[in-house]
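Student: coordinates only, sequence not included:
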């Protein structure tokens, strides 16, 4: 099996240790804004999924996919697949191929020959400090390249470097687990710009508006949500984000607000905008079973069905409600806003 490695050079620039003192591939601190790094990686993965690839991505700025199975879609050759990937991704990416993730990663990063053992660092499942200590220990023993390291026996490595050394040896020898591609996801997100000085109840209202817009988006297709990512662009620069699992699938505006509102308390400063993205979907809302005391449930379901029918015919903005925002403001436009009428 041939594997392709894609590196977004804005997030994980292919600079090697010892060459101009540059950081190693896989480092995500090249982009100061961590939320932007997440969003850029998501966009890269979606672009690859758009050409039919099943993509594994566990680090910002990196993605792996198998070329097998895609050749028939793109001219019958690996070259056709890679050309399609370059077109989908645009400039600013490096792509390499190999029999394993690690070999593809080395080609994408354009490492010098002989390849230094430092190339193993970003591939190890450990902290950066532990990886650096392993590389330093190898280099002090005169084992500075991957070929020299691969010549050691498993017993020698285990005796001197323990489990982490054995993990590195397996990677060096191409002993890897199969790719673990993610389930393709649609891009369902909403963003709202915030007036200067938005805080407290006004921020809560902004989140309520954001939830309503996300649930009313036609791309949701009536599905419930299982996970969300709430993010903010900070007024002082930079950004913030947090992921929130929901425990069980839901499309209830009240349930979503209840789990997201406490997360706003973690904002490190005033926000210039809020963004909400769906990161996992559940079954359609009509498949959910709910128990409710009283006789309002049939009427509620009929109303929800009517809202969905009108939206399907007239668009997401066909039914709106008034959302009070800041009644004490001197600016009339900030007294209230229109938000999509809830389906449930």
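Tutor: That came through, no problem. Bear in mind that the values here come from a model prediction, so they are computed numbers and not experimental data. Residues are numbered from 1 along each chain as shown.

Student: scan the helices and strands of this structure for the one with the lowest mean pLDDT.
Tutor: Within the chain, no helix or strand scores below helix 296-314, which has a mean of 63 by mean pLDDT, DSSP states H and E.

Student: how about stretch 2-12: buried residues?
Tutor: Neighbour-count burial for stretch 2-12, with 16 or more other CB atoms under 10 Å as criterion, is recorded at 3-9, 11-12. Heads up, the C-betas are built off the backbone N, CA and C, glycines and all.

Student: just those residues: which has the poorest pLDDT?
Tutor: Minimum pLDDT across the buried residues of stretch 2-12 is recorded for residue 12, with 64.

Student: residues in contact with stretch 166-185?
Tutor: Contacts to stretch 166-185, defined as CB atoms under 8 Å, 6 or more residues apart in numbering, come from residues 3, 45-46, 49, 54-57, 64-66, 99-103, 117, 120, 123-126, 134, 146, 149-150, 152, 154, 157-158, 161, 278-281.

Student: buried residues of it, list them for me.
Tutor: Buried residues in stretch 166-185, counted by 16+ other CB under 10 Å: 167-169, 171-172, 181, 185.

Student: now do it, average pLDDT.
Tutor: When pLDDT is averaged over stretch 166-185, the result is 91.

Student: okay, how far is it across that stretch, tip to tip?
Tutor: Start-to-end span of stretch 166-185 (CA to CA, to the nearest Å) is 35 Å.

Student: for that stretch, the distance to its chain's centre please.
Tutor: Centre-to-centre, stretch 166-185 and its host chain are 19 Å apart (CA atoms, centre = their mean, to the nearest Å).

Student: then stretch 246-264?
Tutor: 20 Å.

Student: and the contacts of it?
Tutor: Contacts to stretch 246-264, defined as CB under 8 Å, 6+ apart, come from residues 203-204, 207-208, 211-212, 215, 220, 222-228, 230, 242, 244, 276, 281-283, 285, 288, 342-344.

Student: if you set the cut-off to 7 Å instead, what comes out?
Tutor: With contacts defined as CB atoms under 7 Å, 6 or more residues apart in numbering, stretch 246-264 is touched by 203-204, 207-208, 211-212, 215, 224-228, 230, 242, 244, 282-283, 285, 288, 342, 344.

Student: which of the residues in it are buried?
Tutor: For stretch 246-264, a neighbour-count test (16+ other CB under 10 Å) marks 246, 249-253, 255-256, 260, 263-264 as buried.

Student: check which helix or strand covers the closest residue to residue 124 other than its chain neighbours.
Tutor: Spatial nearest neighbour of residue 124, excluding adjacent residues (CB to CB, 6 or more residues apart in numbering): residue 131 at 4.8 Å. Element membership of residue 131, judged by DSSP states H and E, is helix 128-140.

Student: packing partners for that helix?
Tutor: Other helices and strands packing on helix 128-140, by 3 or more CB pairs under 7 Å, 6 or more residues apart in numbering; DSSP states H and E, are helix 154-172.

Student: next, the angle helix 128-140 makes with the helix it packs on.
Tutor: Relative orientation of helix 154-172 and helix 128-140, computed by axes from the mean of the first three to the mean of the last three CA atoms, to 10 degrees: 120 degrees.

Student: for the stretch 51-200 of the chain, which segments count as helices?
Tutor: Taking DSSP state H, counting those that start in this stretch as the criterion, the stretch 51-200 of the chain carries its helices at 78-89, 101-109, 128-140, 146-150, 154-172.

Student: so which of these comes closest to residue 39?
Tutor: helix 78-89 (14.8 Å; CB to CB).

Student: report how many residues lie close to residue 142.
Tutor: When neighbours are counted by other CB atoms under 10 Å, residue 142 registers 7.

Student: can you check the one 3 residues further on too?
Tutor: Residue 145: 17 surrounding residues under other CB under 10 Å.

Student: would you check that it makes contact with residue 116?
Tutor: Yes: in this structure residue 145 lies within contact range of residue 116 using CB atoms under 7 Å: 6.0 Å.

Student: can you pull the buried residues of the longest strand along the chain?
Tutor: Under DSSP state E, the strand in the chain containing the largest number of residues is strand 271-284. Neighbour counts over strand 271-284 (16+ other CB under 10 Å) mark 271-282 as buried.

Student: stretch 192-207 too?
Tutor: For stretch 192-207, the neighbour count (16+ other CB under 10 Å) marks 192, 194, 198, 202-203, 205-207 as buried.

Student: which residue is the nearest non-sequential neighbour of residue 2?
Tutor: Leaving aside its sequence neighbours, residue 2 sits nearest to residue 67 (CB to CB, 6+ apart; 4.6 Å).

Student: residue 138 too?
Tutor: In space, residue 138 is closest to residue 117, 5.0 Å off (CB to CB, 6+ apart).

Student: count the neighbours of the one you found for me.
Tutor: Burial of residue 117 is recorded as 23 neighbouring residues (other CB under 10 Å).

Student: drop anything exposed from the contacts of stretch 166-185.
Tutor: If we count by 16+ other CB under 10 Å, the contacts of stretch 166-185 have these buried: 3, 45, 49, 54-57, 64-66, 100-103, 117, 120, 123-124, 134, 146, 149, 152, 157, 161, 278-281.

Student: verify the stated contact: residue 232 with residue 270.
Tutor: No: between residue 232 and residue 270 there is no contact, the gap being 9.2 Å when judged by CB under 7 Å.
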